[in-house]
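S.K.: just to be clear, the model below is a prediction. Sequence and coordinates:
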Amino acid sequence: MGKLYIVGIGPGSKDQRTIKAQEVLQSSNVIIGYNTYLKLIADVLDGKEVIGAKMKEEIFRANTAIEKALEPKNIVSLVSSGDPQVYGMAGLVFDLLARRKLDIDIEVVPGVTAALAAAAKLGSPLSLDFVVISLSDLLIPAGEILHKVTKAAEGDFVIVFYNPINKKLLMDAMEIVSKYRKPNTPVGIVKSAYRDDENIILTTISSWRDYMEDIGMTTTMIIGNSLTYRYKNYMITPRGYERKYEI
Ligand code: SAH
């Protein structure tokens, strides 16, 4: 039997990959991933069996990875952008293993997820409790997503939106959040962090709609909580030191 690695490759550029991810990719003889992610790791693909797939072929990709790892001697890397756990391939692979009652040699290699990559580009918006929510309604019904948005807004968590692809759902979600937050609450819109087409916008709950055209498949949005403020081009959520100490 071979080994299956589920590898997070980080947000994009090579220098945001972990050393472990790089080592595992280099040592693999089979690499499987969504075509866009394979482009991001072009530097390690030479001489390997590379299996690309389009979006919405996740189940094919996961099953192929499992089959390949069942073959002797294969070292297989199934790649996800960011971290494989966070709306990536890990959940599906483990689910398939459990359903098929398989026992294979498997390891998850964590990566820098989009929330953290986007946050780094904005300064320090995630320095207190935050919630991540995917706005993709391909698998989860919109009503369920908006319920979670309501609870996160009520709880005064900083909110990170992944997959803001469905514009109607995004507008509904922001409408809910705006009921709980001040109009000047900072909103960060980070597109393609650490990739060539990177674009960083810092706006507010009352003005974010002006940037609707800039929001796409590779955008992560961060909405501040009641304490988040803007200083220059930074979005800052204080950790709480000012409550206890003179700073
Ligand atoms: N597993 C990935 C997330 C996959 S879901 C991770 O941990 O980051 C895809 C969503 O991730 C996109 O819609 C976008 O919201 C976010 N994303 C992925 N790469 C990004 C990047 N370089 N910059 C900003 N957002 C990104």
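M.R.: It's in.
S.K.: can you get me a residue count around E67?
M.R.: Using other C-beta atoms under 10 Å, E67 is surrounded by 12 other residues. Backbone N, C-alpha and C define where each C-beta goes, glycine included.
S.K.: that one and L4: what is the separation?
M.R.: 10 Å (C-beta to C-beta, to the nearest Å).
S.K.: what does K101 give?
M.R.: K101 is 16 Å from L4, by C-beta to C-beta.
S.K.: for the residue lying closest to G10 once chain neighbours are set aside, give me its contacts.
M.R.: In space, and not counting its chain neighbours, G10 is closest to Q16: 3.8 Å by C-beta to C-beta, 6 or more residues apart in numbering. Taking C-beta atoms under 8 Å, 6 or more residues apart in numbering, we find Q16 in contact with 10, 112, 117, 194.
S.K.: find the residue at the geometric middle of the chain.
M.R.: Against the mean C-alpha coordinate of the chain, by C-alpha atoms, centre = their mean, the closest residue is A114 at 3.9 Å.
S.K.: I'd say that one and P11 touch.
M.R.: Yes. With contact defined as C-beta atoms under 8 Å, A114 reaches P11; the gap is 5.9 Å.
S.K.: ok, now which ones touch the residue of the chain found nearest the ligand?
M.R.: The ligand sits closest to G82 of the chain, with a gap of 2.0 Å, by C-beta to the nearest ligand atom. Residues near G82 by C-beta under 8 Å, 6+ apart: 8-11, 88, 111-114, 117.
S.K.: can you tell me which of these are in strands?
M.R.: Mapping the contacts of G82 onto strands (DSSP state E) picks out G8.
S.K.: extract the CA atoms of the helix or strand bottoming out on mean pLDDT in the chain and return them as PDB.
M.R.: Across the helices and strands of the chain, mean confidence by mean pLDDT, DSSP states H and E is lowest for helix 241-244: a mean of 83. Provided in PDB are the C-alpha atoms of helix 241-244 (Å, rounded to 0.1, in the frame of the first residue of the first chain):
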ATOM      1  CA  TYR A 241      -4.800  45.000  26.200                       C
ATOM      2  CA  GLU A 242      -6.300  48.500  26.400                       C
ATOM      3  CA  ARG A 243      -9.000  47.200  28.800                       C
ATOM      4  CA  LYS A 244      -6.400  46.000  31.300                       C
END
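S.K.: now it: buried residues?
M.R.: Buried residues in helix 241-244, defined by neighbour count with 16 or more other C-beta atoms under 10 Å: none.
S.K.: contact partners of it?
M.R.: Residues contacting helix 241-244 (C-beta under 8 Å, 6+ apart): I247.
S.K.: swap the cut-off to 10 Å and go again
M.R.: If you take C-beta atoms under 10 Å, 6 or more residues apart in numbering as the criterion, helix 241-244 is touched by 127, 227, 247.
S.K.: filter these by proximity to the ligand?
M.R.: Restricting these to those within reach of the ligand (C-beta under 6 Å from any ligand atom) leaves nothing.
S.K.: report the buried members of those.
M.R.: For the contacts of helix 241-244, buried by 16+ other C-beta under 10 Å: 127, 227.
S.K.: could you dump the contacts of helix 241-244 into TSV and include secondary structure and pLDDT?
M.R.: Formatted as TSV, the contacts of helix 241-244 follow (DSSP: H, G, I helix; E, B strand; the rest coil; pLDDT from 0 to 100):
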residue	secondary structure	pLDDT
S127	coil	97
L227	coil	97
I247	coil	82
